[in-house]
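Asks: Using only what follows, build the 3D model:
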Amino acid sequence: MKPVFHCLNEILSQCHSFAMLVSLNPGALNERQLELMETIAQDFSRQSNLLFKILSSVTSHQASPYLAQLLLRVDFNKYFSQAGGTLGSYTAPVPPSSSSTTTTV
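Replies: Model (predicted):
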């Protein structure tokens, strides 16, 4: 089950990276930080998809009722499998342009 451990480790690492990025930047994110957030989101999506595929490929759910219960909870109403194994999508916000001017009154 080394691949499962690796996927879980990567998913938790991406969660930690996201938490650090958000907690260290209370204001609006700059372009570099938005690119980092997009990379984190893509890696998280890829690893969660891989983990779901690995766990789903176990053919004998009779041998592992706990795994069957986990998959049932993760894929409640078949949302996860119908979404292609992703937990959702992330669209990076457009950073404010530096050429905009502000007027003071």
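Asks: List the contacts of the residue nearest the centre of the chain.
Replies: If you average the C-alpha coordinates of the chain and look for the closest C-alpha using CA atoms, centre = their mean, you land on F44, 3.3 Å from that point. Contacts for F44 were tallied using CB atoms under 8 Å, 6 or more residues apart in numbering; they are I11, Q14, C15, F18, L87. For glycine as for every other residue, the C-beta is placed from the backbone atoms N, C-alpha and C.
Asks: Now do the top helix by length along the chain, average pLDDT.
Replies: As far as residue count goes, and with DSSP state H defining each element, the longest helix of the chain is helix 31-56. Averaged over helix 31-56, pLDDT sits at 90.
Asks: how far is that helix from where the chain is centred?
Replies: Averaged C-alpha coordinates place helix 31-56 at 4 Å from its chain's average position (CA atoms, centre = their mean, to the nearest Å).
Asks: buried ones in that helix?
Replies: Residues of helix 31-56 classed as buried under the neighbour-count rule (16 or more other CB atoms under 10 Å) are 34, 37, 40-41, 43-52, 55-56.
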